[in-house]
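Asks: The following block contains a protein sequence and its predicted model.
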Amino acid sequence: MSMTQAAWKAEQAMGHDTNAITAQDITNPGLDREKYGDPNIDMMALAWMGKNKVEMITCPKPKIMEDRDVILKITGSTVCGSDLHLLHGTVVELQKGDILGHEFCGIVDECGPAVKNLKKGDRVVASFQIACGDVGHILDFSR
């Protein structure tokens, strides 16, 4: 068993304590469409389908789950070196169908009620170094 797999097993057994930024992990809204995805709207997404295999899939559009959530329509994305860990299957938490992409630009489609600095239609970009989960750090190019 690799060190990564051992760490994943330990995390499953011990849990997260209170260090999680979000209460939900919605990397795959298709796992529970009624809970995480819009039952009436589909979207296209790049998904991890197994070691060294990605595909464009049709999946449910996610829905707002928390007050600070923002849903974007992605208009452009890129890959970086950290994506190789996902592609090669060394991140053991991945499940078939998990949506990839953490460097992107797009248009705000929906905002949770606690989001005050963005509105529907704003153009934004998120780069690799923004990892705090604070939508205030997403760059807004619409104004």
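Replies: Ah, there it is.

Asks: now the helix or strand harbouring residue 85, how far from the centre of its chain.
Replies: Assigned by DSSP states H and E, residue 85 belongs to helix 81-87. Helix 81-87 has its average C-alpha position 15 Å from the chain's average C-alpha position, going by Cα atoms, centre = their mean, to the nearest Å.

Asks: Report the rounded mean pLDDT for that helix.
Replies: Over the span of helix 81-87, the pLDDT mean works out to 81.

Asks: what does it contact?
Replies: 48, 51-52, 54, 91, 94, 100, 102, 128 (Cβ atoms under 8 Å, 6 or more residues apart in numbering). Yep, even glycine has a C-beta here, placed from its N, CA and C like the rest.

Asks: farthest-separated two in those residues?
Replies: With distances taken as Cβ to Cβ, the most widely separated pair in the contacts of helix 81-87 is 51 and 128, at 22.8 Å.

Asks: So, low pLDDT: which residues of this structure?
Replies: Judged by pLDDT under 70, the chain has its weakly predicted residues at 1-5, 7-8, 11, 14-25, 128-143.

Asks: so where do the helices sit in it?
Replies: Ranges of helices in the chain, per DSSP state H, are 3-14, 33-36, 81-87.

Asks: circling back to that earlier point, now, of the contacts of helix 81-87, which are buried?
Replies: Among these, those buried by neighbour count (16 or more other Cβ atoms under 10 Å) are 48, 94, 100, 102.
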